[in-house]
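Chemist: turn this into a structure:
(chains A, B, C and D)
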Number of protein chains: 2
Amino acid sequence: MHITLESDYAIRIVLYLSQIQKRAEAKNISENTEVTLRFALKILRKLVAAGIVKSFKGTQGGYELNKAPAEITLAEVIETVEGTYYLSRCLDPQLGCNRENRSSPYCKVQREFARISDYVRKEMQGITFDKLV
Amino acid sequence: MHITLESDYAIRIVLYLSQIQKRAEAKNISENTEVTLRFALKILRKLVAAGIVKSFKGTQGGYELNKAPAEITLAEVIETVEGTYYLSRCLDPQLGCNRENRSSPYCKVQREFARISDYVRKEMQGITFDKLV
DNA sequence: ATAATCTATACCAAATTAATATATTTGGTA
DNA sequence: TACCAAATATATTAATTTGGTATAGATTAT
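Modeler: Numbers count the residues shown, from 1 in each chain, chains lettered A, B, ... in the order given. The predicted model follows:
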């Protein structure tokens, strides 16, 4: 939904992997991004599931990017961690408007919020990690 | 910072006052906006302090708009309740980036977020309540 | 085999957001 | 001018979300 600290962490991690361009173990990533090890591991698993990062088990294991930084967008990383971005919770299909007696299913405010949310998503889709290193 | 349910409530309240165009007491506002009375009172106090709403004490008291709906922007109402809007908490001067060892005071990600946040604020400044009734 | 590394699920704590309670002040009206 | 209906102020509590941790297990290079 919103962009929280976890997104910030996920971005730092992908940015770090974009910078070093090689495999790094979780401990290394944690130290270099200032994200606690366990929380970094949790985020890394999400990034792996989303196909942004590749993981390798066992000795000499670790994580590396699964694609070129130029192919990874800010939107992708944020939505991996937060789900779809919405400016207001009333737009989230999971939450919706908490009002019972509303005349129409979508009010004008909601429509404005939806328009702005779309813009934000599009902007973030246009920002790739090669531009951020 | 972010747009929460409280913003949603504040918007509903201002919208309701824009629609009826007359004085209404808190209980009436609460019932018509589906915001609990006490929470509505709390929000109303903020709206009064911000000069968006005028309050009248005593019998026949209540609340009414302090200016025309066309003069009240979505940005104004939201920022009354949430403070300045930022896409990411790292932009909030009160919070900031929680990273210690950062090379530069503002990273590129932060700059992109700042640019998008500015856009969102400008959009919301352009939306007045006469368009929303 | 074993030590290093990731995986999975569940759990807990801190912070934020939402809502309520109580006591007080103000002002119109009988 | 006493009274009652309303707003004001501050503190407190409850619910939700976010951030972070613990434990047990699976995998792989050496």
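Chemist: contacts, neighbours, all on C-alpha from now
Modeler: Fine.
Chemist: and the residue nearest to residue A:66 when sequence neighbours are not counted, what does it touch?
Modeler: Spatially, and ignoring its direct neighbours in sequence, residue A:66 is nearest to residue A:53 (4.7 Å; Cα to Cα, 6 or more residues apart in numbering or on different chains). Counting by Cα atoms under 8 Å, 6 or more residues apart in numbering or on different chains, residue A:53 touches A:44, A:47, A:63-67.
Chemist: which parts of chain A are strands?
Modeler: A:53-56, A:62-65 (DSSP state E).
Chemist: same list (these) but as a markdown table, adding mean pLDDT and distance to DNA strand D.
Modeler: Formatted as a markdown table, these follow (pLDDT from 0 to 100; distance: least, Cα to the nearest atom of the strand, whole Å):
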| stretch | mean pLDDT | distance to DNA strand D |
| --- | --- | --- |
| strand A:53-56 | 97 | 7 |
| strand A:62-65 | 98 | 11 |
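Chemist: relative to DNA strand C, which of these is closest?
Modeler: strand A:62-65 (3.0 Å; Cα to the nearest atom of the strand).
Chemist: close to DNA strand C, is that closest one?
Modeler: Yes. Under the criterion of Cα under 7 Å from any atom of the strand, DNA strand C is reached by strand A:62-65 at A:62-63.
Chemist: show me the contacts for the nearest residue to residue A:5 once chain neighbours are set aside.
Modeler: Nearest non-adjacent residue to residue A:5, counting by Cα to Cα, 6+ apart: residue B:89, 7.3 Å away. Taking Cα under 8 Å, 6+ apart, we find residue B:89 in contact with A:3-5, B:1, B:95-97.
Chemist: follow-up on the earlier one: and the gap between the residue nearest to residue A:66 and residue A:69?
Modeler: Here the criterion is Cα to Cα, to the nearest Å. By it, residue A:53 lies 11 Å from residue A:69.
Chemist: now the longest helix belonging to chain A: buried residues?
Modeler: Counting by DSSP state H, the longest helix found in chain A is helix A:108-125. Across helix A:108-125, burial judged by 16 or more other Cα atoms under 10 Å in any protein chain shown covers A:109-110, A:112-114, A:116-117, A:120-121, A:123-124.
Chemist: could you dump those to TSV with pLDDT and distance to residue A:34?
Modeler: As requested, the buried residues of helix A:108-125 are arranged in TSV below (pLDDT from 0 to 100; distance: Cα to Cα, whole Å):
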residue	pLDDT	distance to residue A:34
A:109	96	39
A:110	95	37
A:112	97	37
A:113	97	34
A:114	97	34
A:116	98	32
A:117	98	30
A:120	98	27
A:121	98	27
A:123	98	27
A:124	98	24
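Chemist: in TSV, list those along with distance to DNA strand D.
Modeler: What follows is the buried residues of helix A:108-125, written out as TSV (distance: Cα to the nearest atom of the strand, whole Å):
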residue	distance to DNA strand D
A:109	20
A:110	18
A:112	21
A:113	17
A:114	18
A:116	19
A:117	16
A:120	17
A:121	17
A:123	21
A:124	19
